[in-house]
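[1] After the sequence you'll find the predicted model.
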Amino acid sequence: MQEMGETREPMALDCWTAANDLANKYSKELKRDFWILYAAKPHVVHKHAIVAGWNVITQKPPTAMVGILVFHWSHENKQLTVDTELSLPPDVPLSEAELSKKVVDFTPSLADAAKRSKSIILA
């Protein structure tokens, strides 16, 4: 039996490490702010496998896109951050039974990004 976070936390660290490595490599060439987009989906053939993709862009995305995690590289600060206004990683439907009713679990930045995306309806 797997425990909550047993897979998610190491995968999140791997994602952050890969994004940071990518940012450091691109920052040597671009010499300006840029955004790194990351998406992952279940593999259509292989069970328990994912397919992931990265995209580096120099123009800020206009709005959040469902299923995309967005990192921002600040050339001035030489720092990588998660762009909470543009990141909208949850892209699977969740049943009401799976959602928390606790106020402390509410993430305002995620709700705002969902509203701005105009592709998610919040109940």
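    Looks like it arrived, so ask away. Residues are numbered from 1 along each chain as shown.

[2] what separates the most centrally placed residue in the chain from residue 28, distance-wise?
    Nearest residue to the geometric centre of the chain (C-alpha atoms, centre = their mean): residue 69, 1.9 Å. Remark: distance between residue 69 and residue 28 (C-beta to C-beta, to the nearest Å) = 23 Å. For every residue, glycine as well, the C-beta is placed using N, CA and C.

[3] before we move on, what about residue 96?
    48 Å.

[4] Could you do residue 22 as well?
    Taking C-beta to C-beta, one finds residue 22 at 11 Å from residue 28.

[5] tell me which element residue 112 is part of?
    Element membership of residue 112 [criterion: DSSP states H and E] is helix 108-117.

[6] May I see the buried residues of that helix?
    110, 113-114 (16 or more other C-beta atoms under 10 Å).

[7] Against which helices or strands is the lengthiest helix in the chain packed?
    Longest helix in the chain by number of residues (criterion: DSSP state H): helix 8-30. With contacts taken as 3 or more C-beta pairs under 8 Å, 6 or more residues apart in numbering; DSSP states H and E, helix 8-30 sits against strand 34-42, strand 50-57, strand 69-74, strand 79-82.
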